[in-house]
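Enquirer: Quick one, structure for this:
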Amino acid sequence: MNLPLHALDTVQFERAQQLLGEEWLAQDSELAPLLPVVLARGVGQDWHKSGTFRHHLAGVARALTLWQQPREVRLLGLLHSVYGNAFVDLVKFDASSERGALRALVGEQAEHLIYLFCTISRTEFTQKLQAHATAADGTMEVAQGAQRITLTPREVAAFAIVTMADAMEQWSSWQDDVYSRFPYVDPARQQSVHWASSLWPGPMRPTSRIVSQINAWGRALQHPVLRQQLPLPPMFAQCTAELTAGHEAAAMSLYWSVIQMDQPLVEPDCAIAVLEQAVRLNPWVGEPQMVLAQLYLAAGRPQEAERAAASAVHCYSCWGNAWDKRVQWDAWMAWARIVRQSAQQGTWPDRLDKLNNMALRQDMAGA
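Expert: Residues are numbered from 1 along each chain as shown. Here you go, the predicted structure:
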């Protein structure tokens, strides 16, 4: 097997492990004081792409916590749309009258970032970020309403990192269609014509597009000024490796062909070969590696299964959100750990019904 699998970074995994329970946010000393205020604004009842607005905000904050971002950036993640923005009509604080109230809650630095992030042209920012169109000094000029402003290098870095977390938490095949060619969306497309694409939540395929775009945004942080501003997200080898759009799309299609059982079903050899190719094309998401690990176990290849499962756990520990949104991030993490445990101990069941009994042993919970 010649696959670009990852060794499990135990330090990164330990960070992720602290965030697996829903209680982590309520126990976070910097974010917890904001929860009652945010929940009082009804975020738990608002729809948002892959769940509720509360689910989205918590997922973005979780990723930023995993990426070791400072307090003001994590607060930006938790509150990144509360003044509303061009991408979402949710308004939880009135920017014309409640900036002072939010500033008193989060501090001047964090509120400034939140206000800027909500009021600049996010489309222009994302387009420039994707094109790596940052000035030599790390600044970026963007529209804010009718005026032009210049973002500082730290603001550019913070907004890039939050944009990466924001996109990964929410994106699936449904947004690939309704936001086709993002960030260059065609406003002339009519919902009545593309009615099939409009049906939420769609087929729940993973995105074919956004991970390579997140990769481009991350690589923009290698700018000599920007890379000094904030901790770099751990994916893509600290945002140094390139993932092309073609490789992402092909890898997703290969993965989904196995999930949809479009491969021979009696023996797993074809499905294994297809998933191995998916991993070669896109080694930066965990779900293809996790499914591959389970198939290795079914084929009696426990050593390869352990490596693939460990690599999947590593990817999950880097992202903090699921790529395949049929189930949530913590569920993917839990099953990958069970697959790895079974590979290590040789305990994968022969009987199909015994899969229903699988559980993580307490003495294995730390790995």
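Enquirer: Walking through the stretch 201-350 of the chain, point out its helices one by one.
Expert: For the stretch 201-350 of the chain, the helices defined by DSSP state H, counting those that start in this stretch occupy 210-220, 235-239, 245-259, 269-281, 287-298, 302-319, 329-345.
Enquirer: So which elements touch the fourth one?
Expert: Other helices and strands packing on helix 269-281, by 3 or more C-beta pairs under 8 Å, 6 or more residues apart in numbering; DSSP states H and E, are helix 245-259, helix 287-298. Backbone N, C-alpha and C define where each C-beta goes, glycine included.
Enquirer: angle of the one helix or strand Glu141 maps to against helix 210-220?
Expert: Assigned by DSSP states H and E, Glu141 belongs to strand 140-144. If you take axes from the mean of the first three to the mean of the last three C-alpha atoms, to 10 degrees, strand 140-144 sits at 120 degrees to helix 210-220.
Enquirer: quick one: contacts of strand 140-144?
Expert: Contacts with strand 140-144, where a contact means C-beta atoms under 8 Å, 6 or more residues apart in numbering, come from 116, 119-121, 124-125, 128-129, 133-135, 148-151, 156.
Enquirer: For the protein, which helix or strand comes out least confident on mean pLDDT?
Expert: Every helix and strand of the chain was ranked by mean pLDDT, DSSP states H and E. The lowest is strand 47-48, at a mean of 78.
Enquirer: Could you pull up the mean pLDDT of whatever helix or strand comes next after that strand?
Expert: Per DSSP H and E, the first helix or strand lying C-terminal to strand 47-48 is strand 51-52. The predicted model assigns strand 51-52 a mean pLDDT of 86.
Enquirer: Whichever helix or strand comes after strand 51-52 packs against which elements?
Expert: As assigned by DSSP H and E, the chain's next helix or strand after strand 51-52 is helix 53-66. Other helices and strands packing on helix 53-66, by 3+ C-beta pairs under 8 Å, 6+ apart, are helix 10-17, helix 35-40, strand 47-48, helix 71-78, helix 153-170, helix 302-319.
Enquirer: Mind listing the strands the third one pairs with, and their directions?
Expert: Pointing back at strand 47-48 there. Paired with strand 47-48 in the same sheet, following DSSP bridges, are strand 51-52 (antiparallel).
Enquirer: Pretty sure Asp9 sits against His314.
Expert: Yes. If you go by C-beta atoms under 8 Å, Asp9 and His314 touch, sitting 5.9 Å apart.
Enquirer: Which one's more surrounded, these two?
Expert: Remark: of Asp9 and His314, His314 carries more neighbours, 23 against 16, as counted by other C-beta atoms under 10 Å.
Enquirer: Mind pulling up the pLDDT for that one?
Expert: On the pLDDT scale, His314 gets 98.
Enquirer: With Asp94 instead?
Expert: Looking at Asp94, its pLDDT stands at 84.
Enquirer: give me the number of residues near the closest residue to it other than its chain neighbours?
Expert: Nearest-residue entry for Asp94: Tyr83, 7.9 Å, with adjacent residues in sequence omitted and distances by C-beta to C-beta, 6 or more residues apart in numbering. Using other C-beta under 10 Å, Tyr83 is surrounded by 23 other residues.
Enquirer: got any ranges where the chain has weak pLDDT?
Expert: Residues of the chain that meet the criterion pLDDT under 70 lie in 1, 86, 363-367.
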